[in-house]
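Undergrad: Below are the sequence and a predicted model for it; my questions follow.
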Amino acid sequence: MKKTIIGLLLITGSFAMAQKKVHQIAEGVKVHQDLFNSTMAEGVACYRIPAIVTAPNGDVIAAIDERVPSCGDLKYSKDINIVIRRSSDNGKTWTPIETVVDLPFGKSVSDPSIIVDEDTKEIFMFYNYMDLENERDIYYFHMVKSSDNGKTWSQPQDITKQIAKEEWKNDFKFITSGRGIQTSSGKLLHTMVNLNNGLHLFASDDHGKSWYLIDTPIKPANESKVVELADGRWMINSRVNKSGMRYTHISNDEGKTWTTSPEPELIDPGCNGSIIRYTSIEQGFKKNRLLFSNAKMEKGRKNMTVRISYDEGTTWSKGKTIYTGGSAYSSLTVLENGDIGLFFEKDGYKENPFVSFSLKWLTDGDDKWRKPSSKQKGH
């Protein structure tokens, strides 16, 4: 009987150890560091909603909500700030937490997203704003910008009237967290969700001096990301709740009309993902490559995975699982050394790790990054 009990304990212990090993960051990643968690700042309930970009000088900027009294979203919290950390060595080391936006109690901000203008070298950070004391449930859109690679930031600018219709004032609307893009023509482009009227794009043709709405509703779509395809078309990759998969929307006329398709290959539990361009032939690389990250599950937010496409999103690789445990929002960037950086929510928002890995690791040795033969203009 004792032997049986001991045997069971050994089996149980081995199983528990095996379970712990299952939920580890994948072997082979070069860098793994938790950038934000509630133990890092006194009185902070949690950090949520990651966004990451590589600045024009190669620095990496990771932005996130600092949710103070609770982990609730914007309409439920009177104190959410936008904070960042920066790295000048491809994510190996990071600055202490720096505050970008911190308003008086009762006025909250949330959902950072970033666009880098490769022409002017400016960085634009967007976020959603609410005055819970005086206009609860009314969403506004604000923007700050940096001309020194994220070291300092401008005063907030309200761009709500530029990109949202007056009749939308009481709608549940928000700029999608993560990042927008700059197209090959220099246009700055980003996505905004209006749960009553559909997804919309907004843009700037003058390097962020002014912004305008592209007034074509896109459905079905919740939080979404846009990329420019090699042939100049725009492609939006969308979260669609309760569908178990992503949807894509493609436009060949700069957003006037769209063709929508379900993507059964890209299973998704209804969560914000990330899609970015890794390389393009136009930029002097030998291949066009797109990267996509999400919680690769039909139900349940777990199994953070990164995939690659060589045919502009028509098909995708099986992907590499970065973390099998609890995983939610994610944001991708390309590091100065060619590695891939991923910033994501882990284990019920307890941690927000940054990891980096090579293209060679992602493709199990089938592909590797090489510097472009001749650097051409591209975004």
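TA: In hand now; what should we look at?
Undergrad: can you pull out the strands in the stretch 201-350 of the chain?
TA: For the stretch 201-350 of the chain, strands defined by DSSP state E, counting those that start in this stretch occupy the ranges 212-218, 224-228, 234-238, 245-251, 259-267, 274-279, 289-295, 302-309, 320-334, 340-346.
Undergrad: looking at these, which is closest to Pro96?
TA: Pro96 sits nearest to strand 340-346 of all these, at 16.9 Å, using C-beta to C-beta. Backbone N, C-alpha and C define where each C-beta goes, glycine included.
Undergrad: Contacts for the closest one next, please.
TA: Applying C-beta atoms under 8 Å, 6 or more residues apart in numbering, the contact partners of strand 340-346 are 34-35, 48-52, 54, 60, 62, 90-91, 278, 291, 293, 304, 306, 322-323, 325-335, 351-359, 362.
Undergrad: and that strand with strand 320-334, angle?
TA: 120 degrees (axes from the mean of the first three to the mean of the last three C-alpha atoms, to 10 degrees).
Undergrad: C-terminal to strand 340-346, what's the next element?
TA: Later in the chain than strand 340-346, the nearest helix or strand by DSSP states H and E is strand 352-357.
Undergrad: orientation of that next one relative to strand 302-309 in degrees?
TA: Using the same axes, to 10 degrees: strand 352-357 against strand 302-309 is 40 degrees.
Undergrad: What residues sit buried inside strand 352-357?
TA: Asn352, Pro353, Phe354, Val355, Ser356, Phe357 (16 or more other C-beta atoms under 10 Å).
Undergrad: Check stretch 250-264 too.
TA: Taking 16+ other C-beta under 10 Å as the criterion, stretch 250-264 shows Ile250, Ser251, Glu254, Gly255, Trp258, Glu263 as buried.
Undergrad: what's the average pLDDT for it?
TA: Averaging pLDDT along stretch 250-264 yields 98.
Undergrad: Cross-check the contact I'm expecting between Lys360 and Lys368.
TA: Yes. Lys360 lies in contact with Lys368 (C-beta atoms under 8 Å); the separation is 4.2 Å.
Undergrad: out of those two, which sits in the busier spot?
TA: Lys360 (15 against 12; other C-beta atoms under 10 Å).
Undergrad: residue contacts, the more buried one?
TA: Counting by C-beta under 8 Å, 6+ apart, Lys360 has contacts Asp367, Lys368, Trp369.
Undergrad: Tell me which helix or strand the last one sits in.
TA: It refers to Trp369. Trp369 belongs to no helix or strand, assigned by DSSP H and E.
Undergrad: and it, how far is that from Glu282?
TA: 17 Å (C-beta to C-beta, to the nearest Å).
Undergrad: residues of stretch 367-376 that come out buried?
TA: Counting neighbours by 16+ other C-beta under 10 Å, one finds that the buried residues in stretch 367-376 are Asp367, Trp369, Pro372.
Undergrad: quick one: which helix or strand includes Val144?
TA: strand 140-146.
Undergrad: hmm, who's touching the very next helix or strand once past that strand?
TA: Sequence order places strand 157-158 as the next helix or strand after strand 140-146, per DSSP H and E. Contacts with strand 157-158, where a contact means C-beta under 8 Å, 6+ apart, come from Tyr129, Tyr140, Phe141, His142, Met143, Val144.
Undergrad: let's see 10 Å
TA: Phe124, Tyr129, Tyr140, Phe141, His142, Met143, Val144, Lys145, Gly208, Trp211 (C-beta atoms under 10 Å, 6 or more residues apart in numbering).
Undergrad: okay, these in TSV with neighbour count, distance to Ile114 and pLDDT next?
TA: TSV is the format used below for the contacts of strand 157-158 (neighbours: other C-beta atoms under 10 Å; distance: C-beta to C-beta, whole Å; pLDDT from 0 to 100):
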residue	neighbour count	distance to Ile114	pLDDT
Phe124	24	7	99
Tyr129	22	16	98
Tyr140	19	18	98
Phe141	22	14	98
His142	20	13	98
Met143	20	10	98
Val144	19	10	98
Lys145	18	10	98
Gly208	18	12	98
Trp211	22	15	98
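Undergrad: Which one of the residues you listed is nearest to Leu195?
TA: Using C-beta to C-beta, the contacts of strand 157-158 come closest to Leu195 at Phe141, 15.0 Å.
Undergrad: separation between the closest one and Ser110?
TA: Taking C-beta to C-beta, one finds Phe141 at 11 Å from Ser110.
Undergrad: Are there residues contacting both of the two? Which ones?
TA: Common neighbours of Phe141 and Ser110 (C-beta under 10 Å, 6+ apart) are Tyr127, Asn128, Tyr129, Phe174, Ile175.
Undergrad: Shouldn't the second one be within a helix?
TA: It stands for Asn128. No. Checked against DSSP: H, G, I helix; E, B strand; the rest coil, Asn128 lies outside a helix; its state is strand.
Undergrad: Counting neighbours, what do you get for it?
TA: With other C-beta under 10 Å as criterion, Asn128 counts 25.
Undergrad: Distance of it relative to Ile159?
TA: Distance from Asn128 to Ile159, by C-beta to C-beta: 11 Å.
Undergrad: got any residues that touch both of these two?
TA: Counting by C-beta under 10 Å, 6+ apart, the shared contacts of Asn128 and Ile159 are Tyr140, Phe141, His142, Ile175.
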